[in-house]
Each structure stands twice: as structure tokens, then as C-alpha cells.
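Student: kindly generate the corresponding structure for this input.
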Amino acid sequence: MAALRWILLGIGLLFLVALAAWELRRPRQAAERGEPPLGSAGEIGAVPEQAPSAASGPRQRASAPPRVDLPPLEPEIPFEPEGYTDPGAQAPHATRGAPGADAGDAGFAQPSAPAVLPSERSVRVQWPPDAQRCVLALRIVAAGEESLSGRSVRQSLGACGFVHGALQIYHQPAEDGRALLSAASLRNPGTLDPATMDFQRFAGLSLFAVLPGPLAASAALDHLLHTARDLAQRLNARLQDEHGAPLDATRLESMRRTAQGLSGPPTHAEPSG
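Tutor: Next up, the predicted model:
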């Protein structure tokens with residue numbers, strides 16, 4: 001009996017050792033097979049997410065996002081520099097009826113005529129023939145290396161009373177509408193277009209008076225000098241003579257002698273074309 005007892009005790013001990021060894025190896029084997037450990041979601045019925053494979057069935061494409069129709073773009077408003085008026089534009093009529101029709105019959109009020117701006121004043125360019133004319137000219141050039149801004153040039157000319165007119169350049173009208181002074185670009189052909197000059201830069205301006213003209217020669221020279229200094233100050237520019245030399249006292253005296261040599265009252269000039 002004692003021997004049998006020792007045999008059964010040995011068998012029980014071997015069973016306990018084997019059971020302990022099996023319990024220790026179980027988590028390692030489960031990790032190798034990819035099974036969830038004890039106490040994880042796998043034991044409470046949660047199904048782990050499976051990676052997609054070719055055996056799971058045909059691959060489905062993601063649905064395309066819904067199409068959104070954008071509203072049409074608004075038409076671009078053309079740029080029109082301030083103070084510029086299209087010479088071909090005509091004021092619209094208030095009614096479609098006769099010019100003398102009562103605005104009240106048309107169902108809306110008759111718009112009042114807009115005030116005439118200084119930039120809309122007309123100017124008559126009447127210069128003497130080539131054989132009879134004398135031109136007093138000055139140059140207005142940038143003070144530094146950077147050229148003159150076209151927008152600043154247009155605004156400064158307008159502030160000094162110049163309007164765009166014949167020969168595609170600017171003119172300063174007198175009280176009777178005749179051109180006192182004219183301004184052109186230094187670069188050929190010398191034209192200045194108010195519709196595009198805001199986007200351009202200029203090396204300088206040529207400011208000149210054609211004699212005989214609305215003023216006597218001496219008065220025209222004084223007016224030319226005064227206006228040129230005003231423009232130069234507005235543009236932060238320098239004054240030069242017509243050949244590009246500095247406008248010093250010697251050159252001014254020469255211009256005054258030229259003006260004094262022109263005698264006689266202003267003559268009627270021929271239109272420039």
C-alpha cells in the first residue's frame with residue numbers, strides 16, 4: 001500500500017508539472033498563431049478586422065464624389081482710367097421717343113445732363129506753318145534711375161489742365177480753346193494714350209509752346225517755365241532744355257532772347273490737321 005501511494009503521488013506531481021508547462025506555453029503559441037491574448041476582445045466575441053485579400057471577393061471601387069456645378073463667372077469689367085472719356089461714346093437717350101417727349105410719359109425721370117469735367121474740355125490745335133513757327137521746348141525727365149510712372153504722368157497732366165487731343169498727345173487749352181502748351185513722350189512717336197499709359201513707364205516728357213500762339217512770346221515762355229516747374233515738382237523730376245542739357249541760367253537767358261526776338265501780335269494760325 002505504501003508503494004502504491006508513492007506511485008499515485010508521483011503521477012499527480014507529473015500531471016501538475018505537465019499542466020503548468022502547458023499553461024506557460026499556451027500564450028506563446030497563441031501569439032505565434034496571431035490569436036488574441038486572454039482577456040482581450042477575442043474572448044468576449046469581438047471579431048478582429050481582417051485585412052482585405054483576393055479571396056474575400058471582387059474589389060469594390062470607391063463611389064465618385066457628387067458633382068457640384070459652379071455659377072458662371074461674372075463678365076470682366078474693362079479698365080477705364082479715371083478722367084478718361086471715350087471720344088466716340090454718346091450719352092444715352094432717356095426715352096426711345098422723340099427728343100422733345102415728356103419723360104413722365106415714358107415712366108421714368110429724365111436724367112440731368114452731367115457736368116463737364118476739365119478733362120472733357122475740347123482743345124483746338126492751330127499751329128502756324130512750318131516756315132513761320134518757332135518752338136520753345138523743355139524736357140521733364142526722371143530724377144533717378146527709375147522712369148516716370150504712366151499713371152503719375154496722366155494725373156499730373158490732368159492736374160495742370162492738360163487734356164488729350166489732336167496728334168494723340170496732351171494739350172493745355174486757353175480760354176478760347178486754343179492750345180497754349182503741348183506735352184508728348186520723349187520716345188518716338190511721342191504719343192500718349194490715356195487708355196494704356198497707366199500700365200507704362202516713360203523716360204520723360206517734352207513740353208513745348210508753338211509760337212505765334214494765343215500768348216505773346218515772352219508771356220508764353222513764362223507760362224511754359226511755370227508749368228514745367230509745376231509738372232517737375234509733381235513728378236519728382238528734373239528740368240532740361242530741348243537738347244537734354246541742364247536748364248541753367250545761360251540756357252534760360254538764351255530762351256528769353258529768342259522770345260523777345262519774336263515781335264508782333266499773335267497771328268491766326270492754320271489748323272494742324
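Student: all the helices of this protein, residue numbers only.
Tutor: Ranges of helices within the chain are 2-32, 150-159, 217-235, 249-261, based on DSSP state H.
Student: nearest to F199, of these?
Tutor: helix 150-159 (6.5 Å; C-beta to C-beta). C-betas here are computed from N, CA, C, even on glycine.
Student: helices and strands around the closest one, which ones?
Tutor: In this structure, helix 150-159 makes packing contacts with strand 201-202, helix 217-235, judged by 3 or more C-beta pairs under 8 Å, 6 or more residues apart in numbering; DSSP states H and E.
Student: coming back round to it: of all the helices of the chain, which one is nearest A195?
Tutor: Per C-beta to C-beta, nearest to A195 of the helices of the chain: helix 150-159, 10.1 Å.
Student: show me where pLDDT drops low in the chain?
Tutor: Applying pLDDT under 70 to the chain flags residues 27-121, 263-273.
Student: buried ones in stretch 200-218?
Tutor: 200, 202, 204-217 (16 or more other C-beta atoms under 10 Å).
Student: hmm, I was thinking of stretch 184-201
Tutor: In stretch 184-201, counting by 16+ other C-beta under 10 Å, buried: 184-186, 192-194, 197-198, 200.
Student: quick check: end-to-end length of that stretch?
Tutor: This stretch, stretch 184-201, spans 13 Å end to end (C-alpha to C-alpha, to the nearest Å).
Student: so what touches that stretch?
Tutor: 80-81, 83-84, 139, 141, 146-151, 153-154, 164, 167-170, 183, 202-206, 208 (C-beta atoms under 8 Å, 6 or more residues apart in numbering).
Student: now do 6 Å
Tutor: With C-beta atoms under 6 Å, 6 or more residues apart in numbering as the test, stretch 184-201 has contacts from 81, 84, 147, 150-151, 154, 164, 168-170, 202-204, 206.
Student: how about stretch 153-171?
Tutor: Contacts for stretch 153-171 (C-beta under 6 Å, 6+ apart): 83, 119, 121, 123, 125, 172, 179, 182-184, 191-192, 194, 197, 202, 227, 230-231, 234-235, 272.
Student: over to stretch 230-248?
Tutor: Contacts of stretch 230-248 (C-beta under 6 Å, 6+ apart): 137, 139-143, 148, 152, 156, 160, 228, 251.
Student: how about a cut-off of 7 Å?
Tutor: 137-143, 148, 152-153, 156, 159-160, 207, 228-229, 251 (C-beta atoms under 7 Å, 6 or more residues apart in numbering).
Student: and stretch 212-226, by the same measure?
Tutor: 128, 136, 138, 174, 176, 178, 180-181, 207, 209, 211, 255-256, 259-260, 262, 266-267.
Student: which residues does A137 bridge with?
Tutor: F208 (DSSP bridges).
Student: surely it and F208 touch.
Tutor: Yes - taking C-beta atoms under 7 Å as the definition, A137 is a contact partner of F208 at 3.8 Å.
Student: quick check: neighbours shared by those two?
Tutor: With C-beta under 7 Å, 6+ apart, A137 and F208 have no common neighbours.
Student: circling back: closest to L16 among the buried residues of stretch 184-201?
Tutor: Nearest to L16, judged by C-beta to C-beta, of those is D198 at 100.8 Å.
Student: tally of neighbours for the closest residue to that closest one other than its chain neighbours?
Tutor: Computed as C-beta to C-beta, 6 or more residues apart in numbering, the closest residue to D198 that is not its neighbour in sequence is R151, at 4.4 Å. Counted with other C-beta atoms under 10 Å, the neighbours of R151 add up to 15.
Student: and for E242?
Tutor: 16.
Student: would you mind measuring from it to A228?
Tutor: Noted for E242: a distance of 11 Å to A228, by C-beta to C-beta, to the nearest Å.
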